[in-house]
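# Predicted structure and sequence below. I'll ask about it afterward.
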4 protein chains.
Amino acid sequence: MISNRKFIAVIGGSQPSSEEAKLAEAVGRELAKQGAILVCGGLGGVMEAACKGASSEGGVTIGILPGDNRQAANPYVQIPIVTGIGYARNVAVVKSAQAVIAIGGNYGTLSEISHALQSGIPVIGLNTWALSRNSQQDNSIITAQSPAEAVNKALNLAIE
Amino acid sequence: MISNRKFIAVIGGSQPSSEEAKLAEAVGRELAKQGAILVCGGLGGVMEAACKGASSEGGVTIGILPGDNRQAANPYVQIPIVTGIGYARNVAVVKSAQAVIAIGGNYGTLSEISHALQSGIPVIGLNTWALSRNSQQDNSIITAQSPAEAVNKALNLAIE
Amino acid sequence: MISNRKFIAVIGGSQPSSEEAKLAEAVGRELAKQGAILVCGGLGGVMEAACKGASSEGGVTIGILPGDNRQAANPYVQIPIVTGIGYARNVAVVKSAQAVIAIGGNYGTLSEISHALQSGIPVIGLNTWALSRNSQQDNSIITAQSPAEAVNKALNLAIE
Amino acid sequence: MISNRKFIAVIGGSQPSSEEAKLAEAVGRELAKQGAILVCGGLGGVMEAACKGASSEGGVTIGILPGDNRQAANPYVQIPIVTGIGYARNVAVVKSAQAVIAIGGNYGTLSEISHALQSGIPVIGLNTWALSRNSQQDNSIITAQSPAEAVNKALNLAIE
């Protein structure tokens, strides 16, 4: 039954480095192996690599799209959600997850990290943003050193 | 594989008549039997009855919620999408579907019918709104007389 | 002082008949004369005609745009609000008003009428949609026979 | 005429330090003196202090609210925009501005900074977040040492 499984978002840029794409694919595979459902923004780059990884292990993938067209989803998205609200959909990507794994990423990813932290949703980071405020480091992003560690932390910290 | 299946939205009020609730449950059952994935607003009333019907036949149910809390989903929603955008999520409910079945409903349902028609997504109506403009009837809502007819029309008219 | 003035939305299609455009311009003029602030979707057609009318009488005009670009506003919009959320901005157009005047219009306008009625915001109609449910007429849209009557009704019924 | 004036957003937390509140009020005053229109999220804290400052110099203030109720606006907001889309309205706050001044702030402010940078809208920072990625500092937030410097930079860098 789907409803007992954890929903974990994977966020990151649409133009990742090859290292970031590998991390994303490994994260997707590991999430699927552990029975989690993958939530993402539905487009290319990190999102596609994560969906590919999850699909290769028979996992379920959800893509919450910014535009008006389901055809914009990457080929590994099984459940496209078509919001039509542009980058305001970033809010829905993180709110639909019980924990978030951030891989690399640009300002769009940073907005998702911010919305997650604002909503009390745990964020695990792999090679991603670091934050500081008034010269003090902010440690809200929980760092991980490997895809397996990121997935384990996400599943352990997932909120209800 | 999920991705070859049609996504059909069922829309309607959160306080339906008992007749409308029965129609919604029958529509949900029939959608599941025909392999369609049910999209709805995730809350009670028609949404819950449709999800209950689909679940009873082993179907997949998606609830696109207005609020910030996945716990607000009715118990038959397997995939809760948490948008946090309030009734602007009505746009996402219909855009995420390839056809829409409207059952009864109040002004929220009418807004969903309108957004669907604006986006070129077919709307099948069971005991729902009728529209006219400048004293001329508007026949864009395709009427059906039974749940089975509504589901068949929705599947036949579903856009890509 | 702006804050004591009423905010009234004018909604309608982007391709109105010449009669509808004239009505919109007259409504805009009358709103400005009576000190109301005009809210609209910021684009062409009825929205532009209403803004033009209001501007000609020195009124204030707000355009709540669907896209990412302030340049998309019609030339009579003084205060462009750039939402980037597509047609979900229809919700913001009506919620930002204390009453709504609908002139003609297509399905986008109908979605705005629906969202307003759902939110308890009075809707005054000039040559616009008529609604019925289960063969019973719904009289929630308050009809007016002239721009002056529409504006007077909107100002009298405006909520706080 | 309003339309030739620059729209500048002031963003920051709803529970600022007294130093941050003073900075915000001074920024609001300076924006008004220079003829700019203030855009903000419409609530308390930095938003209210900035609106208060702008109002004291006769400036125009716009508050783009997350909720459903215009009454939630702080008393210095002259033009309340009621979005009903929750924190997705952060996108609209920054997109409606030609430059953004960030003062202090928490994760909500960081999401606004991110959305602005993603959209190519200049961000000037006063005692706010600092960013780094993969151990490299990101200098996209332009720092200022005083309210006057922040306002001058915002007006000089404002996009069309």
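Done, it's in. Numbering: from 1, shown residues only, chains lettered A, B, ... in the order given.

# What sits closest to residue A:32 if chain neighbours are left out?
Once flanking residues are discounted, residue A:32 sits nearest to residue A:59: 2.6 Å by CB to CB, 6 or more residues apart in numbering or on different chains. In this view, the C-beta of every residue, glycine as well, is placed from N, C-alpha and C.

# can you give me the end-to-end distance of stretch A:123-134?
Criterion CA to CA, to the nearest Å; first-to-last residue distance in stretch A:123-134 is 21 Å.

# tell me the mean pLDDT over that stretch?
Looking at stretch A:123-134 alone, the average pLDDT works out to 94.

# Pull the number of nearby residues for residue A:147.
Here the number of neighbours of residue A:147 (other CB atoms under 10 Å in any protein chain shown) works out to 23.

# re the thing from before, quick check: the residue nearest to residue A:32 touching residue A:31?
Yes - if you go by CB atoms under 8 Å, residue A:59 and residue A:31 touch, sitting 6.2 Å apart.

# which of the two has more neighbours?
A direct count of neighbours by other CB under 10 Å for residue A:59 and residue A:31 places residue A:31 higher, at 31 against 24.

# My understanding was that residue A:61 contacts residue A:55; is that so?
Yes - Residue A:61 lies in contact with residue A:55 (CB under 8 Å); the separation is 6.2 Å.

# Could I get the full set of strands for chain A?
Using DSSP state E, the strands of chain A run over A:7-12, A:37-40, A:61-65, A:79-82, A:99-103, A:123-126, A:129-133, A:136-138, A:142-143.

# tell me which parts of chain A are close to chain B?
Contacts of chain A with chain B, taken as CB under 8 Å from any CB of the partner chain, map to A:1-3, A:7, A:37, A:60, A:62, A:64, A:68, A:70-71, A:77-85, A:88, A:91-92, A:95-96, A:98, A:119, A:160.

# any weak-confidence spans in chain A?
Residue ranges of chain A with pLDDT under 70: A:1-3.

# Around chain D, which positions in chain A sit nearby?
Checking chain A against chain D by CB under 8 Å from any CB, the hits are A:85-88, A:91-92, A:104, A:106-108, A:110-111, A:113-115, A:117-118, A:127-135, A:140.

# distance of residue A:29 from chain B?
Distance of residue A:29 to chain B, computed by CB to the nearest CB, to the nearest Å: 18 Å.

# Please name the nearest non-neighbouring residue to that residue.
Nearest in space to residue A:29, with sequence neighbours left out and distances taken as CB to CB, 6+ apart, is residue A:53 at 4.0 Å.

# try residue A:102
Once flanking residues are discounted, residue A:102 sits nearest to residue A:128: 4.3 Å by CB to CB, 6+ apart.

# quick one: that neighbour and residue A:103 touch, right?
Yes - Residue A:128 lies in contact with residue A:103 (CB under 8 Å); the separation is 6.4 Å.

# any common contacting residues for these two?
residue A:12 (CB atoms under 8 Å, 6 or more residues apart in numbering or on different chains).

# Compare neighbour counts for the two and give me the winner.
The residue with more neighbours, out of residue A:128 and residue A:103, is residue A:103; 32 against 24, by other CB under 10 Å.

# and that one, what are its bridge partners?
In this entry, residue A:103 is beta-bridged to residue A:12, residue A:126, by DSSP bridges.

# Which residues of chain A lie near chain C?
A:68, A:84-88.

# Quickly name whichever of those residues is closest to chain D.
Of all the residues of chain A next to chain C, residue A:88 has the smallest distance to chain D: 3.9 Å, by CB to the nearest CB.

# Once you drop chain neighbours, what's closest to that closest one?
Leaving aside its sequence neighbours, residue A:88 sits nearest to residue D:88 (CB to CB, 6+ apart; 3.9 Å).

# Contacts only, for that neighbour.
Applying CB under 8 Å, 6+ apart, the residues contacting residue D:88 are A:85, A:88, A:91-92, B:84-85, B:88, C:85.

# Buried subset of the residues you listed as a PyMOL selection?
Selecting only the buried members of the contacts of residue D:88 in PyMOL, with burial defined as 16 or more other CB atoms under 10 Å in any protein chain shown, works like this:
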select buried, (chain A and resi 85+88+91+92) or (chain B and resi 84+85+88) or (chain C and resi 85)
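
# can you name the two of the contacts of residue D:88 that are farthest apart?
The span of these, defined through CB to CB, is set by B:84 and C:85 at 12.5 Å.

# and for those two, which residues touch both?
Residues touching both residue B:84 and residue C:85 by CB under 8 Å, 6+ apart: D:85, D:88.

# remind me, longest helix of chain A?
Of all segments of type helix in chain A, defined using DSSP state H, the longest is helix A:18-33.

# pull the CA atoms of it into PDB?
Presented in PDB, the C-alpha positions along helix A:18-33 are these (Å, rounded to 0.1, in the frame of the first residue of the first chain):
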ATOM      1  CA  SER A  18      28.300  14.700 -13.900                       C
ATOM      2  CA  GLU A  19      29.200  14.000 -10.300                       C
ATOM      3  CA  GLU A  20      26.000  15.600  -9.100                       C
ATOM      4  CA  ALA A  21      24.000  13.600 -11.700                       C
ATOM      5  CA  LYS A  22      25.600  10.400 -10.400                       C
ATOM      6  CA  LEU A  23      24.800  11.300  -6.800                       C
ATOM      7  CA  ALA A  24      21.200  12.000  -7.800                       C
ATOM      8  CA  GLU A  25      20.800   8.700  -9.600                       C
ATOM      9  CA  ALA A  26      22.200   6.800  -6.700                       C
ATOM     10  CA  VAL A  27      19.900   8.600  -4.300                       C
ATOM     11  CA  GLY A  28      16.900   7.700  -6.500                       C
ATOM     12  CA  ARG A  29      18.000   4.000  -6.500                       C
ATOM     13  CA  GLU A  30      18.500   3.900  -2.800                       C
ATOM     14  CA  LEU A  31      15.100   5.600  -2.100                       C
ATOM     15  CA  ALA A  32      13.300   3.000  -4.200                       C
ATOM     16  CA  LYS A  33      15.200   0.100  -2.600                       C
END
